[in-house]
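1. 3D model of this:
(one chain, ligands or ions: 2)
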Amino acid sequence: MAKTRASFVCQSCGAVAPRWQGRCDACGAWNSLAEEGFASGIGARAALGAAKGRIFTLSDLDTPTEPMPRLTSGIDELDRVTGGGFVPGSVLLLGGEPGIGKSTLLIQACAALARQRRRVVYISGEEAVDQVRLRAQRLALGAAAIELAAETKVEDIIATLHQGACPALLVIDSIQTMWTELVDAVPGTVTQVRAAAQALIRYAKTTGATVILVGHVTKDGQIAGPRVVEHMVDAVISFEGEGGRDFRILRALKNRFGPTDEIGLFEMTGRGLAEVGNPSALFLSGRDLEAPGTAVFAGIEGTRPLLVEIQALAAPSSLPTPRRATVGFDSNRLAMIIAVLETRAGVRLGQHDIYLNVAGGLKVSEPAADLAAAAALVSSVTGHSLPKGSVFFGEIGLSGQIRPVAHSLPRLKEAAKLGFTRALVPASAQEPQDSNESRSRTADLDRESQADTAPEIRADICTDVASLVATVAAPARREVRRG
Ligand code: TYD
Ligand code: MG
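-> Ligands and ions are numbered 1, 2, ... in the order given. Okay, here's the model as predicted:
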């Protein structure tokens, strides 16, 4: 008989140590190690007793594959993030802070699928059935044929589900409350979360049900419990929002069946989450776009254009090393833009504290945002507003040149649609080569745009940062030089 070896597992990072110690070597957490029987867990029993394995057939890459059927919820913003609907047999992990609206989103998704006459099961480990039902009634979804239960034991859940038809969608809210009797640990610990997730993943793979696991998020934004759960599931989706605001961003962090650069936008209303039809308008609305230090960036999020406001503040600093802080923007890129503005255009920023903020809680990762960030900086330091009704995009090179970016046309069209009249753009030679994958996916974006007539917006070409400073802050340039 195989020897059962005890090992100690860190409850915060999942690292395994051979003996107990006060501090985890891997993540540095104190008192986080808990004893775990090594031979316990799913599959362990088979491993102990099995002398002979089952023979299976190997296949080759040539075998024709059916296109993956998708289960579309009809909630476009959700389907966009999952890559066109849920894949049967896949497991998704939905993470987000408490109160952000995970349960609300999922009950709405369940109702949408139930309306298509699919069997959906919602297991709540946190709330009583009445609470879930009350929420559904508040959302006017009381009539939806969703099967509810408040359960936490995985074996019971799976046994119950094996009765009757296999559900198309199973929601587990949340994975941290689930436990299995296969392991001897408290619910919520790494060991339990991992074992429970494993059992549910196996259920999904064997039955073809789509399983969504809700995951709590720790203070620093990580999905609590073992990172291994993130590796085990097919997709990790995070639901985010900015404190005090009503809109929410759904973002795929990992997706085995789709892209990870798409975002879904929702607004929390008195009657649940509503899809945001015109995201650009949302991110720009109600703000003073003419204040100095504000530039509008015509960006691309996934496969759709999105206008975002970039705000900069450059204030004279009394510190020996001025502060540089960014929200939603890469701080290394900001440092580069500052250096290029100083050396190539003579804009003195060395004695300024600099803050850069992407409004609305969005994260901008496109290099195409460089020009808008630079324009906002120049505008802030000179105190002059940018020309009315203008948008910006373009990548800044170390030489000070503005380099072309992909998808100029959809960016211009979106800006024109929202009433912008002027754009400062790079001299668009050839569109730079995107990676193959993103090019084929976003090719439609350009094709769609080309099919229509040219947008009614004046596109002024900006060749380098010096000409940016000249055109954007023409009256202010002398001051900059003098200061
Ligand atoms: P919930 O889905 O319970 O969040 P999570 O499961 O992520 O913890 O959402 C709770 C919050 O959403 C709560 O603060 C109230 C708010 N809310 C609305 O504003 N409108 C609604 O229709 C619903 C159902 C909730
Ligand atoms: Mg909840």
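2. enumerate the residues of the stretch 51-200 of the chain near ligand 1.
-> Residues of the stretch 51-200 of the chain lying near ligand 1 by C-beta under 6 Å from any ligand atom: Gly96, Pro98, Gly99, Ile100, Gly101, Lys102, Ser103, Thr104, Arg135, Arg138, Leu139. Any C-beta I mention is one placed from the backbone N, CA and C, and that applies to glycine too.
3. backbone dihedrals for the second one, both of them.
-> Looking back up the chat, that one is Pro98. phi -60, psi 140 (degrees, to the nearest 10).
4. run a quick neighbour tally on it.
-> Residues near Pro98, counting by other C-beta atoms under 10 Å, number 10.
5. again with the fifth one
-> Other residues within reach of Gly101 by the criterion other C-beta under 10 Å amount to 19.
6. wait, it touches Ala274, no?
-> No. With contact defined as C-beta atoms under 8 Å, Gly101 does not count as touching Ala274 (11.1 Å).
7. need the overlap of contacts for the two.
-> Overlap of the contact sets of Gly101 and Ala274 (by C-beta atoms under 8 Å, 6 or more residues apart in numbering) consists of Phe266.
8. pairing partners for the lengthiest strand in the chain, with directions?
-> As assigned by DSSP state E, the longest strand anywhere in the chain is strand 304-316. Applying DSSP bridges, strand 304-316 is found paired with strand 294-301 (antiparallel), strand 352-358 (antiparallel).
9. can you give me the helices in the protein?
-> Ranges of helices in the chain, per DSSP state H, are 44-49, 76-82, 102-115, 129-138, 154-162, 190-207, 227-232, 279-284, 331-345, 370-382, 408-417, 436-451, 465-472, 477-482.
10. now do the second one: which elements does it pack against?
-> Counting contacts by 3 or more C-beta pairs under 8 Å, 6 or more residues apart in numbering; DSSP states H and E, the secondary-structure elements packed against helix 76-82 are strand 235-241, strand 247-255, strand 263-269.
11. run the last query once more with 6 Å
-> Helix 76-82 is packed against strand 263-269, with contacts defined by 3 or more C-beta pairs under 6 Å, 6 or more residues apart in numbering; DSSP states H and E.
12. the strand it packs on and ligand 1 in contact?
-> Yes. Applying C-beta under 6 Å from any ligand atom, one finds strand 263-269 touching ligand 1 at Met268.
13. in TSV, list the strands paired with strand 304-316 along with mean pLDDT and mean neighbour count.
-> Output for the strands paired with strand 304-316, formatted as TSV (pLDDT from 0 to 100; neighbours: other C-beta atoms under 10 Å):
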stretch	mean pLDDT	mean neighbour count
strand 294-301	92	26
strand 352-358	94	21
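14. closest to ligand 1 out of the ones you listed?
-> Counting by C-beta to the nearest ligand atom, ligand 1 lies closest to strand 294-301 out of these; the figure is 22.7 Å.
15. got a list of contacts for the closest one?
-> 263, 306-311, 366, 369, 372, 375-376, 386, 391-393, 407, 411, 415 (C-beta atoms under 6 Å, 6 or more residues apart in numbering).
16. tell me where the chain is predicted with low confidence.
-> Within the chain, the ranges that satisfy pLDDT under 70 run 1-5, 37-51, 218-227, 243-244, 285-287, 429-455, 473-483.
17. grab the nearest non-local neighbour of the one residue in the stretch 151-300 of the chain that gets nearest to ligand 1.
-> With C-beta to the nearest ligand atom, the shortest gap between the stretch 151-300 of the chain and ligand 1 falls at Gly272, namely 4.2 Å. Excluding its sequence neighbours, the residue lying closest to Gly272 (C-beta to C-beta, 6 or more residues apart in numbering) is Leu139, at 4.2 Å.
18. would you mind measuring from that neighbour to Leu169?
-> 17 Å (C-beta to C-beta, to the nearest Å).
19. more crowded one of those two?
-> Neighbours were counted for Leu139 and for Leu169 using other C-beta under 10 Å; Leu169 has more, 25 against 18.
20. report the beta-bridge partners for the more buried one.
-> Val120, Thr210.
21. residues touching Leu418, list them.
-> By C-beta under 6 Å, 6+ apart, the contact set of Leu418 is Ser280.
22. go again using 7 Å as the cut-off
-> Going by C-beta atoms under 7 Å, 6 or more residues apart in numbering, Leu418 touches Ser280, Ala281, Leu307.
23. Gln11 now?
-> Gln11 neighbours (C-beta under 7 Å, 6+ apart): Ser32, Ala34, Thr189, Val190.
24. re earlier: was I right to think the residue nearest to Gly272 contacts Arg271?
-> Yes. Applying C-beta atoms under 7 Å, one finds Leu139 in contact with Arg271, separated by 6.0 Å.
25. can you give me the neighbour number for the residue lying closest to Val347 once chain neighbours are set aside?
-> Closest residue to Val347 apart from its sequence neighbours, by C-beta to C-beta, 6+ apart: Leu341 at 4.3 Å. Counted by other C-beta under 10 Å, the residues lying close to Leu341 total 25.
26. shouldn't Leu341 be in contact with Gly350?
-> No. When contacts are counted by C-beta under 7 Å, Leu341 is not listed as touching Gly350 (10.6 Å).
27. next, name the residue at the spatial heart of this protein.
-> Arg251 (2.4 Å; C-alpha atoms, centre = their mean).
28. which ones are touching it?
-> Val81, Ile237, Ser238, Glu240, Ile263.
29. try 8 Å
-> By C-beta under 8 Å, 6+ apart, the residues touching Arg251 are Val81, Ile237, Ser238, Phe239, Glu240, Ile263, Gly264.
30. quick revisit: narrow the contacts of Leu418 to those that are buried.
-> Ser280, Leu307 (16 or more other C-beta atoms under 10 Å).
31. with distance to ligand 1 added, can I get the contacts of Leu418 in JSON lines?
-> Below are the contacts of Leu418 laid out as JSON lines (distance: C-beta to the nearest ligand atom, whole Å):
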{"residue": "Ser280", "distance to ligand 1": "24"}
{"residue": "Ala281", "distance to ligand 1": "21"}
{"residue": "Leu307", "distance to ligand 1": "26"}
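32. out of the contacts of Leu418, which comes closest to Ile457?
-> Closest to Ile457 out of those is Leu307 (12.1 Å), distances taken as C-beta to C-beta.
33. check contacts around the closest residue in space to the closest one that isn't next to it in sequence.
-> Excluding the flanking residues, the one nearest Leu307 by C-beta to C-beta, 6+ apart is Ser280, at 3.9 Å. Contact analysis of Ser280 by C-beta under 8 Å, 6+ apart lists Pro305, Leu306, Leu307, Val308, Glu414, Lys417, Leu418.
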